[in-house]
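Visitor: The sequence isn't on hand, but the structure is:
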């Protein structure tokens with residue numbers, strides 16, 4: 001799990017800039033994506049190419065059939081999914097560090113820039129969530145079949161190939177799709193919250209004595225008699 005430690009600390013560093021719904025997304029990301037992928041995903045998918053067995057000894061047939069059955073490995077797809085969702089958070093932290101280094105910039109413009117950049121990162125993350133949700137059913141569907149019939153060259157005839165652990169892989173990809181659906185809803189909810197907050201009128205600071213100054217009515221134009 002050492003290679004996932006940096007990613008976990010990166011996502012945890014974004015927490016201080018996130019609203020409550022964003023923190024729920026971070027919790028879902030760390031527990032049900034990073035942790036499950038680091039502990040369970042590797043054991044399920046690590047031997048998928050070695051245990052992919054075909055009833056032929058024709059040289060080159062088994063790699064060609066494996067490529068036809070899995071154009072992109074399930075495990076690599078899930079890892080790329082996690083990295084794509086973490087990239088906007090990494091860019092936001094770089095931008096926040098760059099803004100913090102500008103000592104001459106007033107606090108209010110700096111906070112405004114951070115809010116806008118964070119909202120943009122959430123928008124990119126939401127688009128990535130929806131893209132991967134559409135890509136997973138198109139690439140794999142929701143079931144890993146135990147038998148794959150291959151007719152690719154250089155196989156001399158129809159070849160039957162057998163997938164290892166099809167039930168475990170089916171359960172895991174369905175679980176990840178359900179987590180992705182919940183994650184996408186949280187990302188969209190966070191984006192809507194940030195947009196509503198950005199359109200809200202700024203709060204007026206209380207004046208001397210704690211009273212909030214009321215806006216003065218517009219002066220009436222003088223009438224010529």
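Guide: Okay, I see it. If you're wondering where the values come from, they're calculated on a predicted model, not measured in any experiment. Residues are numbered from 1 along each chain as shown.

Visitor: who does the helix or strand that contains residue 108 touch, helix- and strand-wise?
Guide: Counting by DSSP states H and E, the element that carries residue 108 is helix 107-139. Here helix 107-139 touches helix 74-100, helix 166-199, going by 3 or more Cβ pairs under 8 Å, 6 or more residues apart in numbering; DSSP states H and E. Placement of C-beta: from N, CA and C, glycine included.

Visitor: Skip ahead from the lowest-mean-pLDDT helix or strand in the chain and say which helix or strand is next.
Guide: Least confident helix or strand of the chain, by mean pLDDT, DSSP states H and E, is helix 2-13 with a mean of 57. Downstream of helix 2-13, the first helix or strand assigned by DSSP H and E is helix 20-29.

Visitor: Now the element after that next one, going C-ward?
Guide: Following helix 20-29 in sequence, per DSSP H and E, is helix 36.

Visitor: Only the buried residues of the helix or strand just after that next one, if you could.
Guide: Beyond helix 36 on the C-terminal side, the first helix or strand identified by DSSP H and E is helix 42-45. Along helix 42-45, these residues count as buried under the neighbour rule (16 or more other Cβ atoms under 10 Å): 44-45.

Visitor: For helix 42-45, what does the pLDDT average out to?
Guide: The average pLDDT within helix 42-45 is 80.

Visitor: thinking again about what came up before, got JSON lines for the helices and strands packed on helix 107-139, with distance to residue 68 too?
Guide: Formatted as JSON lines, these follow (distance: least, Cβ to Cβ, whole Å):
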{"stretch": "helix 74-100", "distance to residue 68": "15"}
{"stretch": "helix 166-199", "distance to residue 68": "16"}
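
Visitor: which one of those helices lies closest to residue 115?
Guide: Residue 115 lies closest to helix 166-199 among those, at 6.9 Å (Cβ to Cβ).

Visitor: could you give the angle of that closest one to helix 20-29?
Guide: Orientation note: helix 166-199 sits at an angle of 160 degrees relative to helix 20-29 (axes from the mean of the first three to the mean of the last three Cα atoms, to 10 degrees).

Visitor: Tell me how far residue 137 lies from residue 195.
Guide: According to Cβ to Cβ, to the nearest Å, residue 137 and residue 195 sit 29 Å apart.

Visitor: Between helix 74-100 and the helix holding residue 108, find me the angle.
Guide: Using the same axes, to 10 degrees: helix 107-139 against helix 74-100 is 170 degrees.

Visitor: lowest-confidence stretch among the helices and strands packed on helix 107-139?
Guide: helix 74-100 - the lowest mean pLDDT of these, at a mean of 85.

Visitor: So which bits of the helix holding residue 108 are buried?
Guide: 113-114, 117-126, 128-129, 132, 136.

Visitor: which parts of the following helix or strand past that helix are buried?
Guide: Counting by DSSP H and E, the next helix or strand C-terminal to helix 107-139 is strand 147-150. Using 16+ other Cβ under 10 Å as the test for burial, strand 147-150 gives 148, 150.

Visitor: Paired strands for strand 147-150, with orientation please.
Guide: Strand 147-150 has its sheet partners listed here by DSSP bridges as strand 159-162 (antiparallel).

Visitor: hmm, who's touching the strand it pairs with?
Guide: 52-56, 58, 61-62, 65-66, 69, 146-151 (Cβ atoms under 8 Å, 6 or more residues apart in numbering).

Visitor: Identify the residues contacting the residue positioned nearest the centre of the chain.
Guide: By Cα atoms, centre = their mean, the chain has its centre lying nearest to residue 85, at 2.9 Å. The contact partners of residue 85, by Cβ under 8 Å, 6+ apart, come to 29, 125, 128-129, 183.
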